[in-house]
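Participant: all I have is the shape, not the residue letters:
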């Protein structure tokens with residue numbers, strides 16, 4: 001990849017951080033003539049480039065260090081939200097969901113979904129039934 005291309009891709013990533021992580025809009029901000037589908041595909045491709053992944057990680061690390069963000073602090077803050085009696089149930093559920101993401105529970109749950117389904121074949125009153 002040419003250095004000029006890398007720099008342009010970094011601009012897309014920078015915009016992605018600024019706009020709240022909307023990759024399509026970030027791509028369209030830098031590549032102004034791109035339509036929605038082109039921008040969506042383009043950002044996904046940029047995001048998978050190893051050098052860009054390193055750039056993203058370095059930005060995330062810098063932000064974490066600047067603001068002293070740690071996994072423990074994030075989980076503790078979310079727990080404070082959950083434990084607060086004045087917090088709405090909706091906000092508590094959202095905090096629990098975010099905690100689960102941070103500790104990897106969603107990843108484990110999603111792996112359960114991707115396992116092969118088992119099929120059971122039954123014959124009841126001469127009729128074959130397949131259960132998945």
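Facilitator: Looks like it came in fine. Since this is a predicted model, take the numbers as computed values, not measurements.

Participant: only C-alpha atoms for contact and neighbour calcs from this point on.
Facilitator: Fine.

Participant: residues in contact with residue 13?
Facilitator: 23, 26, 56 (Cα atoms under 8 Å, 6 or more residues apart in numbering).

Participant: so which of these is the closest to residue 104?
Facilitator: Among those, residue 56 lies closest to residue 104 (Cα to Cα), at 20.2 Å.

Participant: how many neighbours does the closest one have?
Facilitator: 17 (other Cα atoms under 10 Å).

Participant: what is the helix or strand where it lies packed up against?
Facilitator: According to DSSP states H and E, residue 56 maps onto helix 50-66. Helix 50-66 is packed against helix 3-18, with contacts defined by 3 or more Cα pairs under 8 Å, 6 or more residues apart in numbering; DSSP states H and E.

Participant: what's the spacing between the helix it packs on and its chain's center?
Facilitator: Relative to the centre of its chain, helix 3-18 is centred 19 Å away, using Cα atoms, centre = their mean, to the nearest Å.

Participant: again, but for stretch 55-69
Facilitator: With Cα atoms, centre = their mean, you get 17 Å for stretch 55-69.

Participant: which residues touch it?
Facilitator: 10, 13, 70.

Participant: pLDDT and distance to residue 101 for these - can I get that in TSV?
Facilitator: Converted to TSV, the contacts of stretch 55-69 look like this (pLDDT from 0 to 100; distance: Cα to Cα, whole Å):
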residue	pLDDT	distance to residue 101
10	97	27
13	96	22
70	84	14
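
Participant: residue boundaries of the strands in the chain?
Facilitator: With DSSP state E as the criterion, the chain has strands at 120-124, 127-131.

Participant: mean pLDDT for the ones you listed: which is lowest?
Facilitator: Per-stretch mean pLDDT for these is lowest at strand 120-124 (a mean of 54).

Participant: name the residues of stretch 81-101 that come out as buried.
Facilitator: 81, 82, 92, 95, 96, 98, 99, 100 (16 or more other Cα atoms under 10 Å).

Participant: out of those, which sit inside helices?
Facilitator: Counting by DSSP state H, the part of the buried residues of stretch 81-101 found in helices is 81, 82, 92, 95, 96, 98, 99, 100.

Participant: good, we can wrap up now.
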